[in-house]
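A.B. asks: just need the structure, nothing else, for what follows:
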Amino acid sequence: MDKIWKRYALFGILTAFFAALDQWTKYLADRFLRSQGPYVIWEGVFELLYSENRGAAFGILQGKQAFFFLVSGSVILIVFLALARIPHGKRYYPLFGCMVLLASGALGNLIDRVWRGYVVDFFYFKLIDFPIFNVADCYVVVSAGLLILLTGFFYQEEELSCFHVGEGKKN
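C.D. replies: Residues are numbered from 1 along each chain as shown. The predicted structure is shown next:
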């Protein structure tokens, strides 16, 4: 029982750290990019461009704040519950890290929606006219990609049986 509380404490500390890092970058974007326009990193390829996103990825679902609160809260809750099912040991640190990044991304954008009423975005790949995104979005995409790689190539199906619905944790 003591191990699970240590895991939750570490999860909370790391999630708070990464969410705070996301909020700090958004503060910097708001302070320096909002009034000064884009900051070109690589001409025609990549720039920092302030944007206020009231929707989801690619600007869909504009103004559906209650839906986003529900989704973000659900993701954080599911991650929190999944933590108890992750086996102990160094082999599962990458899975734990993915959970931290996923929750940090959801929390970072949730804070924006509650505090500002929109999400601050500022990374822009101009070359391909990719939608503007932020650090929290990077956390979510990286964690999702790593989860796909880990579950597809690193962990065996038996190792992840603890996540199947209706089955208990195997010791």
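
A.B. asks: how about the contacts made by the spatially most central residue of the chain?
C.D. replies: The chain has Gly105 as the residue nearest its centroid, 2.2 Å off, counting by CA atoms, centre = their mean. By CB atoms under 8 Å, 6 or more residues apart in numbering, the contact list for Gly105 reads Asp22, Ala136, Asp137, Cys138, Tyr139, Val140, Ser143. Where C-beta positions appear, they are placed from N, C-alpha and C, glycine not excepted.

A.B. asks: figure out the helix or strand that the third one lives in.
C.D. replies: Right, the one you point to is Asp137. helix 135-149 (DSSP states H and E).

A.B. asks: got the buried residues for that helix?
C.D. replies: Burial within helix 135-149, assessed by neighbour count using 16 or more other CB atoms under 10 Å, is assigned to Val135, Ala136, Asp137, Cys138, Tyr139, Val140, Ser143, Leu146, Leu147.

A.B. asks: tell me which two in the contacts of Gly105 are the farthest apart.
C.D. replies: Of all pairs drawn from the contacts of Gly105, the one with the longest distance (CB to CB) is Asp22 and Ser143, at 13.1 Å.

A.B. asks: who does Val119 form a beta bridge with?
C.D. replies: In this entry, Val119 is beta-bridged to Asn53, by DSSP bridges.

A.B. asks: mind listing what's buried in the least confident helix or strand in the chain by mean pLDDT?
C.D. replies: Every helix and strand in the chain was compared by mean pLDDT, DSSP states H and E; the lowest is helix 65-83, with a mean of 87. Using 16+ other CB under 10 Å as the test for burial, helix 65-83 gives Phe68, Val71, Ser72, Val75, Ile76, Val79, Ala82, Leu83.

A.B. asks: for the chain, what's the longest helix?
C.D. replies: helix 2-28 (DSSP state H).

A.B. asks: what's that helix packed up against?
C.D. replies: Other elements packing on helix 2-28 under the criterion 3 or more CB pairs under 8 Å, 6 or more residues apart in numbering; DSSP states H and E are helix 65-83, helix 93-115, strand 119-125, helix 135-149.

A.B. asks: quick one, the longest one and helix 2-28 angle?
C.D. replies: Translated: helix 93-115. For helix 93-115 against helix 2-28, the angle by axes from the mean of the first three to the mean of the last three CA atoms, to 10 degrees is 50 degrees.

A.B. asks: could you pull out the buried residues of helix 93-115?
C.D. replies: Buried, per 16+ other CB under 10 Å, within helix 93-115: 95-96, 98-113.
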